[in-house]
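# Got a sequence here, can you build the structure:
(one chain, ligands or ions: 1)
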Amino acid sequence: MSGVTRSRIIGTGVYLPARVMENAELAAQVDTSDEWIVERTGIRRRHIAADGEFTSDLATAAAREALLAAGVDAEAIDLIIVATATPDQTFPATATRVQAKLGMTKGIAFDVAAVCSGFLYALTVADAMIRAGQGRTALVIGAETFSRILDWEDRGTCVLFGDGAGAVVLRAEAGRGLSTDKGILATRLHSDGRYNELLYVDGGPGSTGTTGKLRMKGKEVFRHAVTNLSEVMLETLGAAGLSAKDVAWVIPHQANLRILEGTARKLGLGIDRVVVTVDRHANTSAASVPLALDTAVRDGRIRDGDLLLLEAMGGGFTWGAAAVRW
Ligand code: ACO
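Next up, the predicted model:
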């Protein structure tokens, strides 16, 4: 088998805003209860960004921690991709704000918009650029301040989301083209624009001239999520020449504990193989996969050589998965 370039994750980092909002606080504002939220979603609390604390601040803090973990200086980064649906400004890209805050003056920096699947999209693009020789070292960040686009009077959505950021450093390494290689082994992405009205923001710079608020038909989204996620997970494992029994850890987008359980069940995996952080972070959209990954790296669950299956689905619809050997 001839040699190939692999993108290997060499460091992870996160940032969560200091303010924690418990379910009880929401129950004092809208007609809901801690019991309902825990039973239907698994969520107990979420973090909320402070006034004046922007997506680029969260992203930069997570990036700094990932760079430290990787032992890489910001000057060595060739590429920054920020996945976000809550950019600081309509333009320029939040990634360029992160680039400046890290003190970098060169390299490529841009955002991707795929909402909750954003991190999977950004990881796939970064991996493709690394393998195409566009750079050797990349920062891939998922960062969101969804608290700013929530309708805090809509109990059907405001209880589900939180703010946060997660980052990984990717580095090009020589692989053998085998499923035992370390790094990203396969990724698969999908989108289907027919489902816009099930999950969207009712504003935008080019339509209303306003930011808008998140709107969702939760039940319908839920149904599509379990089917689409289990299909793309199997497709991605197949592309890597692997199967569900090879998976050490599923690192899922954290939307709802029942989605995580249902998806794992379809793959014949127990919930004990799934990294769950939705209880502490709620749904942080593009940040949730790197937040979960960092949690399991730092608590020692993820071991050298483990096969990780990252997956997410979100507005668009968009969905995707990545098979990664640690
Ligand atoms: N507190 C109390 N009651 C509530 C609340 C609340 N916060 N929200 C809704 N309800 C009520 C509804 O009004 C409804 O009442 P009714 O029966 O009198 O009409 C009842 O609870 C049941 O509502 P459903 O929408 O049927 O509840 P469901 O069990 O489907 O749970 C939820 C709703 C949590 C939104 C679920 O559908 C879900 O998580 N969907 C996935 C959506 C998601 O996470 N999307 C984000 C990104 S996409 C992704 O990540 C997959």
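# Output the longest helix belonging to the protein.
helix 218-239 (DSSP state H).
# and that one, does that touch the ligand?
Yes - contact of helix 218-239 with the ligand (CB under 6 Å from any ligand atom) involves Gly218, Lys219, Val221, Phe222, Ala225. Glycine gets a C-beta too; all of them are placed from N, C-alpha and C.
# And the buried ones among the residues you listed, selectable in ChimeraX?
Filtering the residues of helix 218-239 next to the ligand down to the buried ones (16 or more other CB atoms under 10 Å) takes a single ChimeraX command:
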select :218,221,222,225
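# Among the residues of helix 218-239 next to the ligand, which one sits closest to the ligand?
Nearest to the ligand among the residues of helix 218-239 next to the ligand is Gly218, at 2.7 Å by CB to the nearest ligand atom.
# Check the contact between the closest one and Cys158; I expect there is one.
No - look at Gly218 against Cys158 with CB atoms under 8 Å: they stay out of range, at 11.9 Å.
# near the ligand, which residues of the stretch 151-300 of the chain show up?
155-156, 159-160, 199, 216, 218-219, 221-222, 225, 253, 255-256, 259, 283.
# Farthest-apart pair in the residues you listed, please.
Arg155 and His253 (22.0 Å; CB to CB).
# Looking only at neighbour counts, state which of those two leads.
Shown here are Arg155 and His253; by other CB atoms under 10 Å, His253 has more neighbours (33 against 18).
# Quick check: closest non-adjacent residue to that one.
Distances taken as CB to CB, 6 or more residues apart in numbering place Ala312 nearest to His253, at 3.4 Å, with adjacent residues excluded.
# Am I right that that neighbour is in a strand?
Yes - according to DSSP: H, G, I helix; E, B strand; the rest coil, Ala312 belongs to a strand.
# which residues touch it?
For Ala312, the contacting residues are 116-120, 229, 252-253, 288-289, 319-321, by CB atoms under 8 Å, 6 or more residues apart in numbering.
# Which helix or strand contains Ala69?
Assessed by DSSP states H and E, Ala69 sits inside helix 55-70.
# How about that helix, which residues are buried there?
Result for helix 55-70 [16+ other CB under 10 Å]: buried residues 55-67, 69-70.
# And the strands in the stretch 51-200 of the chain, which stretches?
79-83, 108-112, 137-145, 163-175, 183-191, 199-201 (DSSP state E, counting those that start in this stretch).
# would you turn those strands into JSON lines with mean pLDDT and mean neighbour count?
Shown next, in JSON lines, are the strands of the stretch 51-200 of the chain (pLDDT from 0 to 100; neighbours: other CB atoms under 10 Å):
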{"stretch": "strand 79-83", "mean pLDDT": "99", "mean neighbour count": "29"}
{"stretch": "strand 108-112", "mean pLDDT": "98", "mean neighbour count": "21"}
{"stretch": "strand 137-145", "mean pLDDT": "98", "mean neighbour count": "31"}
{"stretch": "strand 163-175", "mean pLDDT": "98", "mean neighbour count": "26"}
{"stretch": "strand 183-191", "mean pLDDT": "98", "mean neighbour count": "21"}
{"stretch": "strand 199-201", "mean pLDDT": "98", "mean neighbour count": "19"}
